[in-house]
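> Need a 3D model of the sequence below.
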Amino acid sequence: MRILHLLASVDPADGGPVEYARIVAAEHAKAGHESVFVTLDAPDAACVRDFPFTVHGTGPVAGFLKSTPRFAKTVAQLAPQSDAAVVHGLWTHASIGAHDAMKTANLPWVIFSHGMLDPYFRSAKPVKHWVKQVYWLLWQGRMLSDAAAVMFTCTEEQRLAQGAFAGHQNYPARVVAFCAADQRLDPESVAAARSSLVTALPMVAERPYWLFLSRIHPKKAVDTLISAYARLAQRPDCPDLVIAGPDSVGWQATLERLAETEGVARRVHFPGMVRGATKSAAFAGAEAFVLPSHQENFGLVVAEALSVGTPVLVSDKVNIWPEVVQAGAGMAEPDTLDGTERLLRRFLDLSADERSAMKAQARPCYDVNFSAHAAAGDLLAVLQEVSQAKARR
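Residues are numbered from 1 along each chain as shown. From the prediction side, this is the model:
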């Protein structure tokens, strides 16, 4: 098959959607399928140059809707030689701009909402929700109702999406496996990766640590995590806290002041974004991975931590928490300050044997629920089905 992937950007800092698209494209390539990406990136952007698959960057975008006519034109040129398209995410020109081009070319598409229909956003930003309602009625809703399938990564995401907006609720929903890249390193790479991690964060050579690794954003409840951590930091068995990731909204300075106010500034570390083998080493070296988000469609980093055998401590707003808890690979609590403190305290109170048992369940949880092979197979089966349906028409 030749598969088009439509998304706003292939910049790895954009997180889950682009990482998922890259992973499944790599798995599909192993089976002889071709993946081509169309984005709103500038053609000469570094992320376009460095991406491991063909990318047609159609930016820059302009205007109130941040759009470009080059996006639809590029899709129209590629559609006749393509079998199906995958649209990643909502609320950008990449999620609506190729509608007419694909309809005209009779190219079927599936679309991932990637958690962007979660009711959390309606309560967190009510004014923006009403703006999105207009956008939904004019453009976004028809992308879902005209899609061959609207893809959800777990049943909880599908449930939460129901009735998110008025109109266009007749879309065909499917739940498919989602995935994260396997972060395990081969034995020859472990020492070098550990060395690079110690260079980036010298404290890890001397003290155990809990790891938060994601965008530094209010939705991720990093402020709640720091305050909950401060309640436990005086315990002699309490590890340090590493908060790694890009400062996507300029919030890190506020969090550093919070850590100072809470009296834990020397125990809370901000190494910035870590990538590659250093990232894998950070996951593998952590006592536990912590993600207390207020909303998380899937939590790619949760699955990445599981892949190296690290237990995960998440809020019950991370939609894959039931799979984690059922597997015995981690714990979940509400996304409140008290809930996050209880989450950390429960882990600290485990015996050494109980922690070892939880660690032993982490990798099997990843293999069963979140492996790249399973997710790529699920997506390919859907794309083959919709492509064959197109051929029969």
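
> switch to C-alpha atoms for all contacts and neighbour counts from now on
Will do.

> and stretch 153-162, average pLDDT?
Averaging pLDDT along stretch 153-162 gives 88.

> Go through it and flag the buried ones.
If you call a residue buried by 16 or more other CA atoms under 10 Å, then stretch 153-162 has these buried ones: 153, 154, 156, 157, 158, 160, 161.

> In contact with the fourth one, which residues?
Counting by CA atoms under 8 Å, 6 or more residues apart in numbering, residue 157 makes contact with 115, 118, 297, 319.

> Same list, the buried residues of stretch 153-162, but as JSON lines with secondary structure please.
Compiled in JSON lines, these are given as follows (DSSP: H, G, I helix; E, B strand; the rest coil):
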{"residue": "153", "secondary structure": "coil"}
{"residue": "154", "secondary structure": "coil"}
{"residue": "156", "secondary structure": "helix"}
{"residue": "157", "secondary structure": "helix"}
{"residue": "158", "secondary structure": "helix"}
{"residue": "160", "secondary structure": "helix"}
{"residue": "161", "secondary structure": "helix"}
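
> nearest to residue 181, of the residues you listed?
residue 153 (15.5 Å; CA to CA).

> got the buried residues for stretch 351-367?
Buried, per 16+ other CA under 10 Å, within stretch 351-367: 355, 358, 359, 360, 361, 362, 363, 364, 365, 366, 367.

> what does that stretch rub up against?
303, 306-311, 323-324, 327-330, 347.

> average pLDDT across it?
Averaged across stretch 351-367, pLDDT comes to 97.

> cool, and stretch 62-82?
Computed over stretch 62-82, the average pLDDT equals 97.

> I'd like the distance from it to the chain centre, please.
With CA atoms, centre = their mean, to the nearest Å as the basis, stretch 62-82 stands 25 Å off its chain's centre.

> Kindly list the main-chain dihedrals of residue 88?
phi -110, psi 110 (degrees, to the nearest 10).

> Could you report the neighbour count for it?
24 (other CA atoms under 10 Å).

> Residue 229: what's it in contact with?
By CA under 8 Å, 6+ apart, the residues touching residue 229 are 241, 341, 344.

> Now pLDDT and secondary structure too, for those, in TSV please.
What follows is these, written out as TSV (pLDDT from 0 to 100; DSSP: H, G, I helix; E, B strand; the rest coil):
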residue	pLDDT	secondary structure
241	97	strand
341	98	helix
344	98	helix
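
> what's the closest of those residues to residue 168?
Distance to residue 168 across these (CA to CA) is lowest for residue 341, with 40.9 Å.

> Would you confirm that that closest one contacts residue 228?
Yes. Between residue 341 and residue 228 a contact is recorded at 4.6 Å, counting by CA atoms under 8 Å.

> elements contacting the helix or strand that contains residue 313?
According to DSSP states H and E, residue 313 maps onto strand 312-315. Counting contacts by 3 or more CA pairs under 8 Å, 6 or more residues apart in numbering; DSSP states H and E, the secondary-structure elements packed against strand 312-315 are strand 288-291, helix 300-307, helix 321-327, strand 330-333, helix 337-348.

> what sits up against the first one?
Just to be clear, that refers to strand 288-291. With contact meaning CA under 8 Å, 6+ apart, strand 288-291 is reached by 209-213, 220, 283, 302, 305, 310-315.

> Need the buried ones from the contacts of residue 157 selected in ChimeraX.
Listed next is the ChimeraX selection for buried residues among the contacts of residue 157, using 16+ other CA under 10 Å:
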select :115,118,297,319
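
> can you tell which of the helices and strands packed on strand 312-315 is closest to residue 24?
helix 300-307 (13.4 Å).

> Looking at that closest one now, give me its mean pLDDT.
Rounded mean pLDDT across helix 300-307 is 95.

> again, but for stretch 23-34
Mean per-residue pLDDT for stretch 23-34: 96.

> If you count neighbours, what's buried in it?
23, 24, 25, 26, 27, 28, 34.

> Surely residue 244 is in contact with residue 268?
No. Counting by CA under 8 Å, residue 244 stays clear of residue 268, with 10.4 Å between them.

> between those two, which one's more packed in?
Set residue 244 next to residue 268 and count neighbours by other CA under 10 Å: residue 268 wins out with 23 against 20.

> In the stretch 1-150 of the chain, mark out all the helices, start to finish.
16-30, 46-50, 69-78, 99-104, 120-124, 126-135, 141-145 (DSSP state H, counting those that start in this stretch).

> quick one: residue 315 and residue 331, what's the gap?
Distance of residue 315 to residue 331, computed by CA to CA, to the nearest Å: 8 Å.

> residues bridging contact with the two, i.e. touching both?
What both residue 315 and residue 331 touch, as defined by CA under 8 Å, 6+ apart, is the set residue 321.

> the more surrounded of these two?
More neighbours surround residue 315 than the other of residue 315 and residue 331, with 26 against 23 (other CA under 10 Å).

> can you pull the contacts of the closest residue to that one other than its chain neighbours?
Excluding its sequence neighbours, the residue lying closest to residue 315 (CA to CA, 6 or more residues apart in numbering) is residue 292, at 4.5 Å. Residue 292 makes contact with 220, 221, 222, 224, 225, 313, 314, 315, 317, 318, 335, 340, according to CA under 8 Å, 6+ apart.

> Redo the residues you listed as CSV? Include distance to residue 389.
Below are these laid out as CSV (distance: CA to CA, whole Å):
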residue, distance to residue 389
220, 40
221, 44
222, 46
224, 49
225, 48
313, 43
314, 40
315, 40
317, 37
318, 35
335, 43
340, 48
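
> So residue 113 sits against residue 89, correct?
Yes. The pair formed by residue 113 and residue 89 meets the contact definition of CA under 8 Å, at 4.8 Å.

> More neighbours: these two, which one.
residue 113 (24 against 21).

> Quick one, grab the pLDDT at that one.
93.

> what's the burial count for the residue lying closest to residue 324 once chain neighbours are set aside?
Counting by CA to CA, 6+ apart, residue 324 lies nearest to residue 330, which is 5.7 Å off, once chain neighbours are set aside. Per other CA under 10 Å, the neighbour tally for residue 330 reads 28.

> close enough to count as contact, residue 330 and residue 316?
No. Counting by CA under 8 Å, residue 330 stays clear of residue 316, with 11.8 Å between them.
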